[in-house]
Structure formats: structure tokens, C-alpha cells
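# need a structure here:
(2 chains)
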Amino acid sequence: MSSVNSASGTDDSPVDMDWLTECTDGDVDAMKTMVDLYLTRTSSLIVELNAAAAANQVNEVRRIAHACVGSSGTCGMVAMVPLFKSLEKMGAAGKLENTSEIMARVGVEFERTKKFLAAKALS
Amino acid sequence: MKTDFLNGLAAFNSAIAAARRSLVKRPEDSVASLRRIARVMLGVPAVCDSPELAKACHAVVGADTAKLPELVATLAEIATRICAELPFERVVVLIVDDDPVIGHLLKVRLKSATREILVAGTAAEAFEIIHHRLISLVILDLGLPDRDGRDVLAEIRLSGTGAALPVLVLSAVEDPHIKTECFALGADEYFEKPVDIEMLTTAVSAKLQRIAEINRKLGHDPLTGALNRLSFSEMFVRNSALMSRTEDSLTIALLDLDHFKSVNDTYGHAMGDDVLCRVTEVLEQGLRKSDSFGRWGGEEFVVLFPGTDGKGAVRSLQKIADDLRKIEFNPDSRKFNVTFSAGVSQIVPGTPVQAAVAAADIQLYKAKNTGRNRIVLQP
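I've put the predicted structure just below:
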């Protein structure tokens, strides 16, 4: 297993399917459970992230975004990783001025990721 | 022994799986890796003891590149089957990570017949488990909700039991200072997230194998392979705590070989060593799996019978005494047989090990003073 690819097959794919398949050793049930856990947790973390950003809570933004980077990277959710990384950096720098734009992109990419996984019958 | 062999095989299996997956992308590297793994496997005594496994390794080492995938598949199949068939002692791996996704993934990938995987989402949960279970390895995320993972690592290292516990750190932070600090605090490995699962599972198997090997060497008497005094004492404490919870009986026995000095004086120390090894074999074969024994010192052995009352322990020892008496030592010359005297004491769970051994020793003294070759149970 090498590093997470930005895409699998096409450059625009929001999920690195090779990574996801390899890390679960091709076990479809394990993959589905993992995807389910990821979507449920990330969904609630995005809500928390929005609230923390709106309240200008820099440490909370950094902490939540950091958690999202870890699980998104582990699951091969390549469209989400750079957005959460940006938010983590903003939180660490204590500058949350531009978070609304990134949070909007988080919402869009998360929906795209969900649709992609549904099309693969993984959610 | 079986557990570290199995962990070793699991590590080889993980490495084989990774190399097989890379066969298409990096054929030359992967072929070299597979041959190297098979060659190293052939250096493991337990592998050579399995003709089937050794043959499969030799085939991979000497195979044409074209035939290699098929031969490696056979090797992986045999190794997996052996892992599943051998009896084993389970080891416990603790994953400390508040991310359920990572917890699930690691649980799925690390789970095997030889391992129990526990997951703690907080530092508090982790210490609760560490204090109540015998953990063999910890995978620790640094970003925990209730404490910094570095504090957790430091506390594990400062605790008496955790000083030698392998700890593999996971972190999503790309910061060399944090990595350096973790190594200074005693981290065995440091993996950045997203974790390369193949690398992590291989590292876990290899660490477990190595720690089992070290523990085996440190905890066993080098001559007989029986538990040494320290390991027996640890085993005693664990069993005593368990019997205390289940309100079950616990019996201890102290055995002393009769006239052992004259064996050494008459037949030489090599024969004396042989006798001690044979006694160990007889004890291994005659005791139940749940019983444990160790070499207490010299020609003394100590046996623990969990869930057994004094009379049950005497019956078990009587059979062992009979088996030992049947063995003829030095068959080509002046033959002799070996007997032992034993003191048996049913003890209250929670009794300190020294006090328990002392109680059995009083009965052993009576056995010696009333003619030897007998077992005396504390009234």
C-alpha cells in the first residue's frame, strides 16, 4: 500500500477506491461498515465545525478539522482531506476569516462523496 | 512458543500479501521481496519443523519468476492454515483512538485467531483496560479527547508493568518535534495518518513476535524451559486474582527430587541436567493446560492448580510421580530411577506467593522426613 492517490481511475473521483479496497483487504462488509462509520461521524463533525467557525473558536476548529483529516485520509476520501487540512491550518494560525468559503466547499464535496459511495453500493 | 511462532507467521503472511499485491506494479522489487521473505522464514526453527512449510519456502526461494506467483500463493495458504490449526495463547492488542473509523479498520485488519483486539476511545478507558487486562501491545493515537496521547505514553512508561510494553503511536500531525518527543518518551514506532495499514499490521505482528521471544527467554529457566521464579510468581498473582473473583479453589505444590545430589555426584552434572529436563517433560505432559509450573530453584519445582482442591492436586501429582518412576535413566549402564517428595497446600486466593510456597514447603519437609517419595497434603 502506498500513499493515498488523489483519484482512482479518473482525476475527479472523490474517493480513492484502490486505497479503500486495500485497507479493508477487499472485505466488502468491512468496507461498508467503515464507510457508514465515516459518513455518520463526519456528518456530525461538519455540523460542529460550522458552529465552531461561526463562534470563532480557533482551537475547536483546529481540533475538529484535525480529527476529520485523520479519518478522511484513512478512508481514502481524497476530496475531503485538503479542505479539512486548510481548516486545521486556519485554526492553528488563529485566522478564521475565510472559513465560510471552505465550509461551503466541504458541504459540496461531502455530498459528492456520499453520492459516489452510494453509486458504488457502499452506503 | 506457539504464540510467538504464530505471530511470526502472521508477520510473514502480511509481508507476503503486500509483496503479492505489488507484483503487477513493481515486479522486480516484489519478486526479490518474496524470495527474501521465504529465505528468512527458512531460518526460523519452527518453520523447518514443518516439512510442508519448509518445502513451500524452498520452492519460492528457487522458483522461476514465471512460476513464483503460484508458489507464493501455496506458501501463503499453508502458512494461513497452520496459523488456524495450531493451538495458541491469545495476546491482547489495545487500540486507543477516539475515531471509530480507525478503531474499526484496525480491529478488522489486526484481528486473528491469536489476538484479541480491544478498542478504547479515551485515555481513561485505556487505563481502565490496562489495569485489568494483560496487554501485549498498544496502538496509541495522540489526539485523544480527554488527554494528550504523549501524556498517556509517558504514564504507560512510568508505570511498572508498562515499561516494556510495545507502544505504536499514530498521529495526523506532521511535526518532526512531536515525532522526536514520542520516541524520547518511549514510542516503539510512529505512524502518520493516513496509516498504511499493511505496514502497521506487519509491524504489529513483528513486534508481538519479538516481544514474545524476549519474554520467553526472560521468563523461562534456560535449562529446562520451565517458567522461572519471576514468571511463576506473575502467573500465580494472575491466577490467584481470578480464583478470588470466581471463589474457586487454588492449590500449590512444592516438589523436590529425592537424592538429586547423589545423581550429580554419581553420574555427573550432565546427567543431573538431563533428569531436570525429563522431569519438566513429565510435568508438562501430566498437568492440565490450566495448571502451571516452574523451576523454583535447584531440584525444586513449584506447581499451581487453579480450580482444584488439595485432594485433586494430590491425585494429579500421584500420576506424575508414577510416570516419572517408570523412566529409566542411564539405560546402558547403571540404571536408576527418580522420585520426588511433594508438599501440597490448598490456599486462600489472595495469599502472597512467598507465603503460599512456604505453606507447601512445610508439607514438603514432612514428606522428606517421613521417608521421601511421597506427597503430603496440608491437613
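# and whichever residue of chain A sits closest to chain B, what does it touch?
Going by Cβ to the nearest Cβ, chain B is nearest to A:Gly73 of chain A, at 3.2 Å. (C-beta placed from N, C-alpha, C; glycine too.) Applying Cβ atoms under 8 Å, 6 or more residues apart in numbering or on different chains to A:Gly73 gives the contacts A:Val4, A:Val81, B:Ala172, B:Lys193, B:Pro194.
# ok, 10 Å please
Applying Cβ atoms under 10 Å, 6 or more residues apart in numbering or on different chains to A:Gly73 gives the contacts A:3-4, A:16, A:19, A:80-81, A:84-85, B:102, B:172, B:192-195.
# Restricted to helices, list the residues you listed.
Judged by DSSP state H, the contacts of A:Gly73 include A:Trp19, A:Val81, A:Phe84, A:Lys85, B:Ile102 as members of helices.
# So what does the residue in the stretch 51-200 of chain B positioned nearest to chain A look like in phi/psi?
Nearest residue of the stretch 51-200 of chain B to chain A (Cβ to the nearest Cβ) works out as B:Pro194 at 3.2 Å. Recorded main-chain torsions at B:Pro194 are phi -70, psi 140, according to degrees, to the nearest 10.
# what about it, how many neighbours?
26 (other Cβ atoms under 10 Å in any protein chain shown).
# List the contacts of it.
B:Pro194 is in contact with A:1, A:3-4, A:16, A:19, A:23, A:69-78, A:81, B:102, B:170, B:172, counting by Cβ under 10 Å, 6+ apart.
# How about B:Ala54?
B:Met41, B:Leu42, B:Val44, B:Val47, B:Cys48, B:Ile78.
# Helix or strand: which one has the fourth one?
With the criterion set as DSSP states H and E, the secondary-structure element containing B:Val47 is helix B:45-48.
# where do the helices sit along the stretch 1-150 of chain B?
B:2-21, B:27-41, B:45-48, B:51-61, B:68-85, B:100-110, B:123-132, B:149-158 (DSSP state H, counting those that start in this stretch).
# Next, format those helices as a markdown table and append mean pLDDT.
What follows is those, written out as a markdown table (pLDDT from 0 to 100):
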| stretch | mean pLDDT |
| --- | --- |
| helix B:2-21 | 71 |
| helix B:27-41 | 85 |
| helix B:45-48 | 70 |
| helix B:51-61 | 87 |
| helix B:68-85 | 81 |
| helix B:100-110 | 89 |
| helix B:123-132 | 91 |
| helix B:149-158 | 94 |
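# Quick one: closest of those to B:Met243.
Distance to B:Met243, taken as Cβ to Cβ, is lowest for helix B:123-132 among those, at 15.9 Å.
# Could you list every helix and strand in contact with that closest one?
In terms of contacts (3 or more Cβ pairs under 10 Å, 6 or more residues apart in numbering or on different chains; DSSP states H and E), helix B:123-132 is packed against strand B:91-96, strand B:115-120, strand B:137-141, helix B:149-158.
# okay if I get the ones you listed as TSV plus mean neighbour count?
Converted to TSV, those look like this (neighbours: other Cβ atoms under 10 Å in any protein chain shown):
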stretch	mean neighbour count
strand B:91-96	22
strand B:115-120	19
strand B:137-141	25
helix B:149-158	19
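# so which of those gets nearest A:Ala65?
The closest of the helices and strands packed on helix B:123-132 to A:Ala65 is strand B:137-141. By Cβ to Cβ, the value is 15.8 Å.
# what lines up beside the closest one in the sheet?
Its sheet considered, strand B:137-141 pairs with strand B:91-96 (parallel), strand B:167-171 (parallel) by DSSP bridges.
# what ranges do the helices span in chain A?
Using DSSP H, helices in chain A cover A:17-23, A:28-54, A:58-75, A:81-93, A:99-119.
# By mean pLDDT, show me the worst of those.
Across those, helix A:17-23 has the smallest mean pLDDT, namely a mean of 87.
# Spell out whether it and chain B are in contact.
Yes: applying Cβ under 10 Å from any Cβ of the partner chain, one finds helix A:17-23 in contact with chain B at A:Trp19, A:Glu22, A:Cys23.
# Let's see if you can find the most crowded of the residues you listed.
A:Cys23 (27 neighbours).
# Relative to A:Val35, how far out is it?
12 Å (Cβ to Cβ, to the nearest Å).
# Spit out the residues that contact those two alike.
In contact with both A:Cys23 and A:Val35: A:Cys75, using Cβ under 10 Å, 6+ apart.
# check contacts around the spatially closest residue to A:Val81 that is not a sequence neighbour.
Spatial nearest neighbour of A:Val81, excluding adjacent residues (Cβ to Cβ, 6 or more residues apart in numbering or on different chains): A:Ser72 at 4.9 Å. Going by Cβ under 10 Å, 6+ apart, A:Ser72 touches A:4, A:15, A:38, A:42, A:45, A:78-85, A:110, A:113, B:101, B:172, B:193-194.
# Kindly recompute the last result at 7 Å.
With contacts defined as Cβ atoms under 7 Å, 6 or more residues apart in numbering or on different chains, A:Ser72 is in contact with A:Met80, A:Val81, A:Phe84.
# what does chain A put close to chain B?
Taking Cβ under 7 Å from any Cβ of the partner chain as the contact definition, chain A meets chain B at A:1, A:4, A:23-25, A:27, A:30, A:33-34, A:37-38, A:41, A:66-67, A:69-71, A:73-75.
# Return the residues of the stretch 1-150 of chain B in contact with chain A.
Checking the stretch 1-150 of chain B against chain A by Cβ under 7 Å from any Cβ, the hits are B:Ala18, B:Asp99, B:Pro100, B:Val101, B:Ile102, B:His104, B:Leu105, B:Val108, B:Arg109, B:Gly143.
# quick one: contacts for the nearest residue to the second one once chain neighbours are set aside?
Counting by Cβ to Cβ, 6+ apart, the nearest residue to B:Asp99 once its immediate chain neighbours are dropped is A:Ser71, at 5.0 Å. Contact partners of A:Ser71, counting by Cβ under 7 Å, 6+ apart, are A:Tyr38, A:Arg41, A:Thr42, B:Asp99, B:Val101, B:Ile102.
# Among those, which one lies nearest to B:Ala355?
The closest of these, once distances to B:Ala355 are taken by Cβ to Cβ, is B:Ile102, at 46.2 Å.
# before we move on, the earlier item: kindly reformat the strands paired with strand B:137-141 as CSV containing mean pLDDT and distance to B:Asp309.
Converted to CSV, the strands paired with strand B:137-141 look like this (pLDDT from 0 to 100; distance: least, Cβ to Cβ, whole Å):
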stretch, mean pLDDT, distance to B:Asp309
strand B:91-96, 93, 30
strand B:167-171, 94, 41
